[in-house]
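1. Curious how this folds, go ahead:
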Amino acid sequence: MKQHFLFLVFLIFNSCQYFEKQVPSEKELLQKELKSINWKEVDEYPSLADCEKINNKSQRQRCFFEIMAQLIQEKLDIDTLSVLYPELDTIEVKITVFPDATINFEPQFPKDSVNYDRIKIDSILRARLVDFPKINPAIKRGIPVKSQFILPVILKEKEKKQNL
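-> Below is the predicted model of the structure:
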């Protein structure tokens, strides 16, 4: 009986190591989680109040881009940009939406383009592209984040309609 008891005690003490589980360190868990996050995409794109009621993610994104392009086009229609540069029918604008809901506009030109006075176009854009409605920033994992996108804006839509 003593031998069985000693054997049983021996088994109990040795079997404890089988129940111990290796707990991953905090750094390992953090690294694993960081690798699993797609940093190139956001959970929610920036949006305007008019687009907030749309539940579908891709439709909300399309709504935001369409309204932004329309607003930029309306603000640039009243300017001399098309008069100064008649060959310029579309301009690409890099829009940056910061986490604090501020926005920045930067014209994008072809690399080989020397026909345009970049400083003048940039100053016209900065002067005209103000007083936008409140934009809600992009969301990544519940946190507002900076997002950037390039939006083509048609400058000569009215002339095209008249020529048709």
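2. low-confidence ranges in this protein?
-> Residues of the chain meeting the criterion pLDDT under 70: 1-2, 11-21, 78-88, 110-117, 155-164.
3. those helices in it, which residues are they?
-> Secondary structure of the chain (DSSP state H): helices at 2-19, 26-36, 57-77, 81-84, 118-128, 157-163.
4. I'd like these as JSON lines, with distance to residue 102 and mean neighbour count appended.
-> Bear in mind the C-beta positions are built from the backbone N, C-alpha and C, glycine included. Shown next, in JSON lines, are these (distance: least, Cβ to Cβ, whole Å; neighbours: other Cβ atoms under 10 Å):
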{"stretch": "helix 2-19", "distance to residue 102": "55", "mean neighbour count": "9"}
{"stretch": "helix 26-36", "distance to residue 102": "27", "mean neighbour count": "9"}
{"stretch": "helix 57-77", "distance to residue 102": "15", "mean neighbour count": "16"}
{"stretch": "helix 81-84", "distance to residue 102": "23", "mean neighbour count": "14"}
{"stretch": "helix 118-128", "distance to residue 102": "13", "mean neighbour count": "14"}
{"stretch": "helix 157-163", "distance to residue 102": "28", "mean neighbour count": "10"}
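5. Ok, which of the ones you listed comes nearest residue 136?
-> helix 57-77 (9.4 Å; Cβ to Cβ).
6. now that closest one against helix 118-128, angle please.
-> Taking axes from the mean of the first three to the mean of the last three Cα atoms, to 10 degrees, one finds helix 57-77 and helix 118-128 inclined to each other by 110 degrees.
7. who's in contact with helix 57-77?
-> 44-48, 50-52, 54, 91, 93, 95, 105, 124-125, 128-129, 132-133, 149, 151-155, 157-158 (Cβ atoms under 8 Å, 6 or more residues apart in numbering).
8. please redo it, this time with the cut-off set to 7 Å
-> 45-48, 50-51, 54, 93, 95, 128-129, 132, 151, 153-155, 157 (Cβ atoms under 7 Å, 6 or more residues apart in numbering).
9. Residue 31 and residue 22, how far apart?
-> Plainly put, residue 31 is 16 Å away from residue 22 if you go by Cβ to Cβ, to the nearest Å.
10. Then residue 91?
-> For residue 91, the distance to residue 22 - Cβ to Cβ - is 58 Å.
11. for residue 56, same thing?
-> 43 Å.
12. So between those two, which is more surrounded?
-> residue 56 (9 against 5; other Cβ atoms under 10 Å).
13. before we move on, the earlier item: quick one: closest of the helices of the chain to residue 141.
-> Of the helices of the chain, nearest to residue 141 by Cβ to Cβ is helix 26-36, at 10.1 Å.
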